[in-house]
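Chemist: Coordinates for the following, if possible.
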Amino acid sequence: MDAVDSGASVSFMSPLSVDEAREWWRKTADRADPRAIILVARDDSGIVGSVSMHPAWPPNQPHRADIAKLLVHRRAQRRGIARALMEEIERRAQAAGFTLLVLDTVRGDPAEQLYMTAGWQRVGVIPDYALYPDGRPCDTVIFYKKLSTETASTG
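Modeler: Numbering: from 1, shown residues only. As a prediction, the model looks like this:
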């Protein structure tokens, strides 16, 4: 809810109610592939960040997964939480045998710079791909990252 309230384009429109947010998380957890990974970061006040990895569904892409919903609460931003969450999800994805990760983010948002400095490869921009919570269109940047196969399992 904090991300939506701050104007982030993270799939939801404003206003986002507590009930809508809870229902989304409930459905996400219930429908998740058993190989999905959902990480949270906490501080003394509770959850301050999250990120998830969802394996690709096509049978010809068992090596690929999508990274989604990297969120950090405004009260905890600029403390390295987003970078730590990304490093950990990449490590876990690799340990689970995934060798290719894909994600998208809003062009010009701080996350775009984070991914570029973390070794993600920028593919390109799709104009007007999504909407900000207030209804304005925003462009999306697509990224991928190849993970080493040296320590990946066959799982």
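Chemist: Against Gln113, how distant is the residue nearest the centre of the chain?
Modeler: In the chain, the C-alpha nearest the mean C-alpha coordinate belongs to Ala68, at 2.6 Å (CA atoms, centre = their mean). Using CB to CB, to the nearest Å, Ala68 is found at 19 Å from Gln113. Where you see a C-beta, it was placed from the backbone N, CA and C, and this is true even at glycine.
Chemist: ok, now Arg64?
Modeler: With distances taken as CB to CB, Arg64 is found 24 Å from Gln113.
Chemist: more crowded one of those two?
Modeler: The residue with more neighbours, out of Arg64 and Gln113, is Arg64; 17 against 11, by other CB atoms under 10 Å.
Chemist: got any ranges where this protein has weak pLDDT?
Modeler: 150-155 (pLDDT under 70).
Chemist: Mind doing that once more with 90?
Modeler: Along the chain, the parts satisfying pLDDT under 90 run over 1-12, 21, 24-25, 28-32, 148-155.
Chemist: what ranges do the strands span in it?
Modeler: Along the chain, the segments classed as strands by DSSP state E run 37-43, 46-55, 64-72, 100-106, 121-131, 137-146.
Chemist: okay, those, which one's buried deepest?
Modeler: Neighbour counts (mean count of other CB atoms under 10 Å) averaged over each of the strands of the chain peak at strand 64-72, with a mean of 21.
Chemist: The residue nearest to the centre of the chain is in contact with Ser50, isn't it?
Modeler: No. Under the criterion of CB atoms under 8 Å, Ala68 makes no contact with Ser50, lying 9.7 Å away.
Chemist: Contacts for stretch 39-59, please.
Modeler: With contacts defined as CB atoms under 8 Å, 6 or more residues apart in numbering, stretch 39-59 is touched by 28, 32-33, 35-38, 62, 64-73, 75-76, 81-82, 84-86, 88-89, 92-93, 98, 101.
Chemist: Make CSV out of the strands of the chain and add distance to Glu23.
Modeler: Below are the strands of the chain laid out as CSV (distance: least, CB to CB, whole Å):
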stretch, distance to Glu23
strand 37-43, 16
strand 46-55, 16
strand 64-72, 15
strand 100-106, 23
strand 121-131, 20
strand 137-146, 24
